[in-house]
Structure formats: C-alpha cells, structure tokens
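Undergrad: sequence and predicted structure are below.
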Amino acid sequence: YGADKPDRSAKSQGKSVKTQTQSGCSARATVGLKLAIPLGLTCFATACLDKTPVDPGLYEHLSSVEDSATLSARITYIDETPLDIIPIGGGGGAAALSAAVRLNLQAQVAPPTVAGTRLQASHVIRDGNRAYVAYNVRGDVFRGGVDVFDGLQSSRPQLTSQALFFDTDVSALDKAGDDLYLATATANESFASPAVLELLHLRNGGKSITETTARIPLTSFAATGVTASGGLTYVTTGSSGGLTIFDANLEPIFNDAIADARAVAVASGYIVVMRGTPGSLRVYDATSRSLLHDIPLGGANIPESKGSLFVVNDHAYVATGDGGIVVADLAGGQVLERLPAPSVAGLPAELTVSNGLTWHQDLLFIANGEAGLWVAQASGHLGTLNGAPGLSVLGRIDVGGSANYVQVRGNRLFVASGVSGLSIIRLSN
C-alpha cells in the first residue's frame, strides 16, 4: 500500500479551521502558513495510490471536534477483559507469556469517519497521561485524522479532541511542547509535491487540538516518518525524498537523499533511517550528523510501504514487512538477529507481514497483519541486553482481527486493526 501518491486531483489550499464546540457552534480561525524548502503490506500506515480529494467547496482542510457526545460514542469500554493467548507451534510459549505479563482489554475505539470514509489508525504516541493517534485511509481518496486521549491511567480513558482532514493523510506524528508534528500527504496541488510536514497546536494542557500553525512542503509524494527531539524535527519522505532535519524555527538544516525512506528514530546518540526495496538502515551520529553505517537488512521489498523501528541503547529493532523483524547493532554496523515473518496456512504471504513492533521489558509485540498480534520473548530486559536478544515466539494475542500497528507506552498497549479500530490494553506483571 502506497506511501507515495503520484496522482492527485486539484484542490484549493485549506487556510482555515472549523471547530465544533460542545454547543455545536462553529468558530473559524485563520491559519498562517510557513513555507520552507524542503512501508509487508501496510495500508494501515500509508494510504494507497491515486488519491482524490473531496469537493473543496464542501469541506475545509481541517475540522476540529470536541463535542463530548460525538467523541464518547466511538469508545466501547470492555471492563478489563483478559485477552486469550494462543500458542504458536506447540510448547509452553503461551504459558510463559501468561506468567510474564497479564493483558486486559480496557477499551475499543471505532475509527473516525471523514466525508463518509472510514479511517484507520496509522501511528500512536503517548505523552504522560495522554495519547495521540494518527489516522489515514486506503483507496483513492486523501483523508486523515488525529485523536487525543486523556486519562490513560484510569480504567476508562477519555477521547477529548479530534481533528479531521478532508484532503490529507496522516502517516505518523510526534509531540514537542504544545505542538503535534504530522507526517502527511495532501491532495492540495498548491504544494509542489504531496509530502507535507504539518503542525497542529494544542491547548488545555495538551487535551485539545486548536489549529494548523504551519504546513511545510517536502519532496516526494508522502512524508513517512517524523520525530521531534532536542528542539529539532526529523522527517522522512518516500521514493524521491530522504531525511530532512529542521531547526526550532522550522528551517531545514540538513538533508540526505535516501531512496524509499520509510521511518526515522533518534535515540542513544544515533539518527536511524529505515529504507526499503531492499531494506536497510542508514545510521548517523546524532551530533555531527556524519554517516556511520549503511546496514543491509533485507526484506521491505513491497514498494510504497511504511516502516517501523525503535532504538534501545545500541540496538535497532526493525519491522521489515516481508522480511520479518531484524535486530541490528548500530555501533558495529551489523545484523544481530532475525525473526521471520509468519507463514499462516490459507493466508497469502503478503497479508502476514511484520508491519510494526514495540517492546515491554523482555517482550517484543509484533503486528503481523492478518496473522495477528504476536509476542516474542528476549533472553533479558531489552534495555539492558548486550548482543543478540535471543528472541523466541511465545504466542499470539487474540485482538479480534488483524494487527497493523502496535505501540506500548507505559503500561498501555495500543493495537491498530485497520478499519476495525484501535484496542487499548492494560499490561501488568
């Protein structure tokens, strides 16, 4: 499913935000635009080719919703239902997983709908007691959204704000201060390319989305990843793009052309970019930005897809789609370990690819598409391991459908299941 969008229909540039309040009234705010120079089947994460925007005379670029009745109707509370753990390949893996962690389903969230199109979750981040979820859509339209959840430590987290985009997909997001940074693709032809870095301003302590404060054009057809760290913003864009770093004023200070750049992470003194076709990691020193390694990974052979990775100490854990999970040593510039994508009887291989991954202590949670949410265990806590983690598959967690994206923040596990929505799961030892 395409991270890039080479075919766009004309659409006037949205320059205002419509905010729906609890009383149902609408308020209009002018948006100032700042212009600067400038991943296997993962349709959940990047919307597909041949996008068509909605009629610009009917909708604006962004609509912000805070009506509590509208938002609460999307959440179904499950009251801490224990999730089933399904053994894989025999053995005592499921029992080991049950002993290692308890998983209780707290809530299921239906995805938002934009102009009659049902969105699907593409990315999740957590900031303290709040979470921010990005959405896009498969098919021939540009649509997107962002949800804000509050009260994650309670048994009933609340959906407090929602932003809906009528001409834009949102593939990834990050937060710094009172702003959300969005990696997007837009149908708006006033931009030279569809890829755009968009900023949304937050208020009310981060619980509410107010307006777009900047839309910065990028190269290529889609922004695929974004990380805000240390006053800088790191953005990857697709097949004809690469890595761009912006300073605190959102002026570009570094650019490296990278074919098929799919994701970026900044941690442990490294900048790490995943690219595809074929999969590899491009590793930079975070201070000097000098190139340290280009590590071949394999996998990531399905064109126009989004990637997923995280960095712990000197290790990068990468979901490479058809290549499964790859663990790389960033200091030594070599692959340490591989965990193949699953093979499931009756399912085509392109539907059982490793779309995303996240970790909790010694556990690795893997979104394996229609094969579901799998869990592997390392030989120790991932934060303290040296050398290969020694991963072994324990079992599959029944989330009631496919698993297209997964993220752990604190003791909450977020699982995106395409148009089926988002599951929020509480982890406990």
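TA: The structure has been received and is ready for your questions.
Undergrad: rest of the way, CA atoms for contacts and neighbours
TA: Will do.
Undergrad: so, low pLDDT: which residues of this structure?
TA: Counting by pLDDT under 70, the ranges of the chain that qualify are 1-59, 89-94, 98, 139-140.
Undergrad: so who does the spatially most central residue of it touch?
TA: Per Cα atoms, centre = their mean, the C-alpha nearest to the average position across the chain is that of His123, at 2.4 Å. By Cα atoms under 8 Å, 6 or more residues apart in numbering, the contact set of His123 is Ala45, Val133, Ala134, Tyr135, Ser171, Ala172, Leu173, Tyr405.
Undergrad: can you tell me the element it falls in?
TA: strand 120-127 (DSSP states H and E).
Undergrad: the very next helix or strand once past that strand pairs with which strands, and in what direction?
TA: Following the chain from strand 120-127 toward its C-terminal end, the next helix or strand by DSSP H and E is strand 130-136. According to DSSP bridges, strand 130-136 has the following sheet partners: strand 120-127 (antiparallel), strand 144-150 (antiparallel).
Undergrad: list the buried residues of the first one.
TA: Taking 16 or more other Cα atoms under 10 Å as the neighbour-count basis, strand 120-127 is seen to contain the buried residues Gln120, Ala121, Ser122, His123, Val124, Ile125, Arg126.
Undergrad: distance to Val344 for those residues - can I get that in TSV?
TA: Putting the buried residues of strand 120-127 into TSV (distance: Cα to Cα, whole Å) gives the following:
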residue	distance to Val344
Gln120	24
Ala121	24
Ser122	24
His123	26
Val124	27
Ile125	30
Arg126	32
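Undergrad: quick one, helices of this structure?
TA: 68-72, 93-100 (DSSP state H).
Undergrad: which elements pack onto the first one?
TA: On a contact count with 3 or more Cα pairs under 8 Å, 6 or more residues apart in numbering; DSSP states H and E, helix 68-72 meets strand 158-165.
Undergrad: direction included, what does the strand it packs on pair up with?
TA: Partners of strand 158-165, by DSSP bridges, with direction: strand 62-65 (antiparallel), strand 144-150 (antiparallel).
Undergrad: chain center to stretch 339-352: distance?
TA: 22 Å (Cα atoms, centre = their mean, to the nearest Å).
Undergrad: may I have that stretch exported as CSV, CA atoms only?
TA: What follows is stretch 339-352, C-alpha atoms only, in CSV (Å, rounded to 0.1, in the frame of the first residue of the first chain):
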residue,chain,number,x,y,z
LEU,A,339,12.7,-13.3,13.3
PRO,A,340,11.0,-14.3,10.0
ALA,A,341,7.5,-13.0,9.1
PRO,A,342,4.9,-15.7,9.9
SER,A,343,3.6,-18.2,7.4
VAL,A,344,-0.1,-19.0,8.0
ALA,A,345,-1.9,-21.7,6.2
GLY,A,346,-4.7,-20.2,4.0
LEU,A,347,-3.3,-16.7,4.0
PRO,A,348,-1.2,-15.1,1.2
ALA,A,349,2.3,-14.2,2.3
GLU,A,350,1.7,-10.5,1.5
LEU,A,351,-1.0,-10.4,4.2
THR,A,352,1.1,-11.8,7.0
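Undergrad: and that stretch, what's buried?
TA: Neighbour-count burial for stretch 339-352 [16+ other Cα under 10 Å]: Leu339, Pro340, Ala341, Pro342, Ala349, Glu350, Leu351, Thr352.
Undergrad: pick the one among these closest to Pro112.
TA: Leu351 (24.1 Å; Cα to Cα).
Undergrad: about what we covered before: winner for burial among the helices of the chain?
TA: helix 93-100 (a mean of 16; mean count of other Cα atoms under 10 Å).
Undergrad: most widely separated two among the contacts of His123?
TA: That would be Leu173 and Tyr405, which, of those, are the farthest apart (Cα to Cα) at 13.6 Å.
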